[in-house]
Every structure is written in structure tokens, then in C-alpha cells.
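Visitor: What follows is a predicted protein model with its sequence.
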Amino acid sequence: MAGKTICILGGGSGGLVVANKLKKFLGAEHRIVLVDKLSYHLFNPSLLWLMVGWRRPEDMKRDFSLLKRKGIDFIQAEVSNIDFDKQAVLTTKENIKYDYLVISLGADLYPEKISGFKEAAYNLYQLSEVERLRDSLPDFKGEKVVVMVSSIPFKCPAAPYEAALILNAYFKKQNKNVQVQVVSPEPQPMPVAGPAMGQAVVSLLNMSGIQYMPNTTIKTVKADKKELEAADGKSIPFDMLVGVPSHGAPAAVKGSPIIGETGWIPVNAKNLQTKIENVYAIGDITSIPLPVGKPLPKAGVFAHLEAEVVAHNIAAKIKGRPASAEFKGDGYCFVELGDGRAGFSKGNFYAEPAPAVSLYKPGRLWHIGKVLFEKWWLWKWF
Ligand SMILES: Cc1cc2nc3c(=O)[nH]c(=O)nc-3n(C[C@H](O)[C@H](O)[C@H](O)COP(=O)(O)OP(=O)(O)OC[C@H]3O[C@@H](n4cnc5c(N)ncnc54)[C@H](O)[C@@H]3O)c2cc1C
């Protein structure tokens, strides 16, 4: 068996797991190369805790250079293009020839898509912006905080609702009379998970006194007037704006033959194979249509479980065994309430005719579960 090169693009929730698992499954004669533009992996869910000072950036980051001791080659470079005919990845540092390719570049953020967003909003999905938000909270003297969702799809469908709940609890603890409001183009929170899930999240918002404006698409952010202008002409005032920016496929694959009509990479829903042989895509960069008529949500839990399947199947192919692992569409989600409790749900998103999702009563144990998961994640993969 000649040595193969498996190149993994992106060291986020999906790519990091593929690299680790392949190293475990394959011998040293095979080269596992992980490429990321950043020097570190960031555990995204902890951004919401960082926002209110419960984490420091160093608590939620790990340097990719640590992977060297496991025998994984890490190249810090920006992927600029992929030449599928030549089986080569073009990066700002070097071109990498591959036998197998896993694309796990996630979703890029396009805050500029809504005029005024960059000037007025704290970008909830960017580390430096969340640090800026954390630093501004103690001195906040306003009365109204709006958490806005720019467009669908966006990663972690629970995140804006969790952010609102955590901020609301933070202000209560500070004895500050602040009205928190969520404004979203979605018809309900986490729509793919079904109406019961939406109602459960809306009840949590109601119980906390958080206002909710669903079905509201923001056209412009008027930074000078501190006002959102909705597509239906409504004006929504704010003193502080926390925003989920627009998402899109990463620049490196935009216009590439691998992109489908949805603007994301279409894959086989069970084995994550793209239309190009030996090229796989996982996580947020993919679009997987569900029986319910909507795409699989973009979430780390799916990127992780898809990664396990892809690593298993690439290793099996290299060893001449059947590539039989399948992603079954299972997922779970914690919803942080900001007061030391969290809600939890889990289910199967490939179920027909609609995802079968169970909800569990919020409690401290789920919050502890999320903290333990964070610790486990950063220990397990580094
Ligand atoms: C605030 C927040 C909270 C969240 N909470 C949860 C949660 O509780 N549960 C959950 O399941 N999910 C959660 N998510 C979503 C989760 O983080 C993503 O869905 C998941 O990380 C997607 O994994 P991925 O591997 O597809 O992409 P990512 O993890 O985004 O990784 C992509 C990687 O590719 C790199 N990259 C991108 N472009 C290039 C390029 N051109 N060249 C080189 N490198 C590149 C990036 O630097 C990045 O490291 C949350 C997200 C946020 C922002």
C-alpha cells in the first residue's frame, strides 16, 4: 500500500476531528495535512460565555501547532483555490497535492451584506467583536439591546436566542433595567427542529421578558439614528446592537465547479462524498436537503459526526475495505439560559416526514453537561 496524502481544509469542528481520526486509523506511511488560515482552533460555543466574561479567549482556543506531536502536519495558510483536475490545493504558502480531500472550510461571514451592520453592530460570531462587546457591557447605559439575525441560513440556530437570554440574565444581575429584543427573519426559533422546539424557546424568551419579532428581515442598519429598518418599512430602535451576520460559502470555493445551486456544496447525505471522486465536504460548507423540505442546520454537532464518518470511510478505502460508515442525521443542542441552567434537545434530522426531536426540561445539569463537553473537546482533539 503506497503512502497516500489526505488533505483537510479547515481545522474547525469538522476538519479537526477528521485529522485526528485519520491519524488514529492510518499508519505513519500516510500523510495527513491540515490547512487553516488561523494558527489556532476556536471552540465557538464558548463565545457566548466570553461575551459576559465567563471565559477568556485562551480558555477556548488551542494552537494547531500542538497537532505536530500527534503526527498531523499543520500548514497555516489561506486556501485560495482547488484544482480538482490536478488534485491540488492552492494556498498562500504552497500548493498541496492530495489523494483524498476533505473540505471543511465552514461558512464565511459577510457582515457588509446589510448596510450599516459593520458600523453599528457587535458581530456575535467573531472573536475580536465579542471581546469588544464584553468590554462595553459594564459601561452600557442604554435601555434597549437588540439581537438581530441578518439572514438564513446561519450557524448554530440557537445562538442568537442564547445570546439574548444570557445578556438578559447579565443585565438583571447588574440591576440594570434593559429591554432585550430578538429580531429574526425566521418564522420561529430553530424552525427545522419543529413547532414544539420553537414554542419551547419562545416560552423561555417570554418568561425572561425578552421581546421577540419573528418574520422580520432587516434591510438597513441606520447607525447614526440607532435604528433598524425592516423590509416591511418598520423601524426598530436600539441602544446596543448585537448581530448575527449574513453567511455564505467561503471565497475559496465560490465559483468552483463543486458548488451547487444552493450556493453551498451538495454531498451524499450518508457518506458526505461530493460529485468529485475522493473529495468529501462536511459541516457548514455543505447543504443537505431534509425530507421536511429544509436543509440540515449548520451546527458543530453535525460537522463532528460527519467527520467521524468521512475519516472512517477514507481509512477503509485506503486499506481496501468497504467504506460502509454512514451519517444518520442525529444531533443534539444545548440552549444556555444565562442563569446557570441550560435546556437540551436531541433528535434525528433525517427522520420522515420531519425531524424527530425530544426536548428536556431546562436545568443545571445540562449547563454542567455543556461545560464538560467544552473541556472534553479541547482535551480530546489536542
Ligand atoms: C457563537 C456560536 C455558538 C455556537 N454554538 C454551537 C453549539 O452550541 N453547538 C453546535 O453544534 N454548534 C455551535 N456553533 C456552530 C459551530 O461552531 C459550527 O457549526 C461548526 O464550527 C462548523 O464546523 P465546520 O468544521 O464546518 O466549520 P468551522 O468550525 O467554522 O471551521 C472552518 C475552519 O476553516 C478555516 N478557513 C475558512 N476559510 C479558509 C481558507 N480560505 N483557508 C484556510 N482556512 C480557512 C477557518 O479558520 C476555520 O478554522 C456555534 C457557532 C457560534 C458562532
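Guide: On my side now, so go ahead.

Visitor: Contacts only, for K93.
Guide: Shown here is K93, whose contacts under the criterion CB atoms under 8 Å, 6 or more residues apart in numbering are 75-77. All C-beta spots, glycine's among them, are computed from the backbone N, C-alpha and C.

Visitor: If we ignore the residues flanking it in sequence, what's nearest L133?
Guide: In this structure, L133 finds its nearest non-sequential neighbour in Y122, 4.0 Å apart by CB to CB, 6 or more residues apart in numbering.

Visitor: quick one: that neighbour is in a strand?
Guide: Yes. When classified by DSSP: H, G, I helix; E, B strand; the rest coil, Y122 is found to be part of a strand.

Visitor: quick one: D83 and P257, what's the gap?
Guide: Between D83 and P257 the distance, using CB to CB, to the nearest Å, works out to 11 Å.

Visitor: Name the nearest of the contacts of K93 relative to the ligand.
Guide: Compare each of the contacts of K93 with the ligand using CB to the nearest ligand atom and the shortest gap goes to A77, at 6.7 Å.

Visitor: How many neighbouring residues does that closest one have?
Guide: By the other CB atoms under 10 Å criterion, the neighbourhood of A77 contains 16 residues.

Visitor: Now do the same contact list for the closest residue in space to P153 that isn't next to it in sequence.
Guide: Take P153 and drop its neighbours on the chain: the residue closest to it by CB to CB, 6+ apart is K298, 5.7 Å away. Counting by CB under 8 Å, 6+ apart, K298 makes contact with 107, 153-157, 247, 283-284.

Visitor: Narrow the residues you listed to those in strands?
Guide: Among these, DSSP state E puts H247 in strands.

Visitor: Output the contacts of K93 in a markdown table, with secondary structure appended to each entry.
Guide: What follows is these, written out as a markdown table (three-state DSSP):
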| residue | secondary structure |
| --- | --- |
| I75 | strand |
| Q76 | strand |
| A77 | coil |
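
Visitor: Mind giving me the PyMOL command for buried ones among the contacts of K298?
Guide: Here is the PyMOL command that selects only those of those that count as buried (16 or more other CB atoms under 10 Å):
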select buried, resi 107+153+154+155+156+157+247+283+284
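
Visitor: ok, so of the contacts of K298, who is nearest the ligand?
Guide: The ligand has its nearest neighbour among the contacts of K298 in G283, at 2.1 Å by CB to the nearest ligand atom.

Visitor: ok, and which of the contacts of K93 reach the ligand?
Guide: Applying CB under 6 Å from any ligand atom to those, one finds that nothing falls near the ligand.

Visitor: Quick check, N123 in contact with P111.
Guide: Yes. The pair N123 and P111 qualifies as a contact (CB atoms under 8 Å) at a distance of 5.7 Å.

Visitor: Give me the common contacts of these two.
Guide: Common neighbours of N123 and P111 (CB under 8 Å, 6+ apart) are 243, 245.

Visitor: Which stretches in the stretch 201-350 of the chain count as helices?
Guide: Read by DSSP state H, counting those that start in this stretch, the stretch 201-350 of the chain holds these helices, from start to end of the chain: 300-318.

Visitor: What parts of it come near the ligand?
Guide: Within the stretch 201-350 of the chain, the positions lying close to the ligand (CB under 6 Å from any ligand atom) are 250, 252, 283-285, 298-301, 303, 334.

Visitor: Would you check which pair of those lies furthest apart?
Guide: Among those, the pair separated by the greatest distance (CB to CB) is A252 and F334, at 30.9 Å.

Visitor: Could you list the contact residues of the stretch 51-200 of the chain toward the ligand?
Guide: Contacts of the stretch 51-200 of the chain with the ligand, taken as CB under 6 Å from any ligand atom, map to 78-79, 104-106, 124-125, 155-156, 159.

Visitor: circling back: quick check: the residue nearest to P153 vs D108, distance?
Guide: For K298, the distance to D108 equals 12 Å [CB to CB].

Visitor: okay, and the common contacts of those two?
Guide: Applying CB under 8 Å, 6+ apart, one finds that K298 and D108 are jointly contacted by H247.
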